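> Structure here, sequence nowhere to be found:
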Ligand code: B16
Ligand code: MG
């Protein structure tokens, strides 16, 4: 394996709670209330698509013009940006600093394939921006996860063929995207939610290079 392509939210750090709080505040303002369980459906999904899902959930899809929707999404993002100023290197998920170090020591290239337009700010705040050889800009893409485009772009930026890449995700839509890209998929989450992953662990501190390479070898990936 020559490259590892990482999702950000839910794999390197947990921003889901901040997304939830910011969407919830917006939801309350426009009369749509939802809980953490519904929020699960927003993981890995782009900002505008998340808004569409919230409006559909509250039966308010028809109440706003495209311009107003952009305004609502911008309002949520302002609150979210305020919340993520709290992020520090302490917010890297357990085991992630060691895992990144292990990959780097083995001369494997690394990229970020996050649907978040705020990814560069978050990587800076986590103090790991310099670890990555490439960061895909989701604003340049045509399609979101589960389309493979974001992972294929990551491989292209690294100059590594997709079949020599590992993709790591916490969202079902993300695993689907990695599989469709023809990469070895690694999931972080419950066995049920990660059932389509080639290999999965429940928690980030169980991620090891040896474990992943062994699983890839078993599946005759290497
Ligand atoms: P933004 P990932 C995704 O990041 C989040 O999981 C998802 O909840 C969020 O809506 C999306 O980024 C867009 O984020 O509003 O910051 O552009 O999991 O792909 O790293
Ligand atoms: Mg994610």
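Perfect, thanks for sending it. Remember, predicted model here, so these are calculated numbers, not experimental data. Ligands and ions are numbered 1, 2, ... in the order given.

> for this protein, which spans come out with low pLDDT?
222 (pLDDT under 70).

> Which strands and helices lie in contact with the longest helix seen in it?
Ranked by residue count and defined by DSSP state H, the top helix of the chain is helix 66-83. Applying 3 or more C-beta pairs under 8 Å, 6 or more residues apart in numbering; DSSP states H and E, one finds that helix 66-83 makes contact with helix 16-29, helix 47-57. In short, each C-beta sits where N, CA and C put it, glycine included.

> do you know which of those lies nearest ligand 2?
Evaluated with C-beta to the ion, the helices and strands packed on helix 66-83 place helix 16-29 nearest to ligand 2, the distance being 7.9 Å.

> give me every residue that touches the residue lying farthest from the centre of the chain.
Distance from the C-alpha centroid of the chain, by C-alpha atoms, centre = their mean, peaks at residue 63 (29.8 Å). By C-beta atoms under 8 Å, 6 or more residues apart in numbering, the contact set of residue 63 is residue 55.

> quick one, strands of the chain?
With strands called from DSSP state E, the chain shows them at 3-6, 109-112, 134-135, 165-169, 184-188, 199-201.

> quick one, which of those is packed in tightest?
strand 165-169 (a mean of 28; mean count of other C-beta atoms under 10 Å).

> list the buried ones in the longest helix of the chain?
Across helix 66-83, burial judged by 16 or more other C-beta atoms under 10 Å covers 69, 72, 73, 76, 79, 80, 83.
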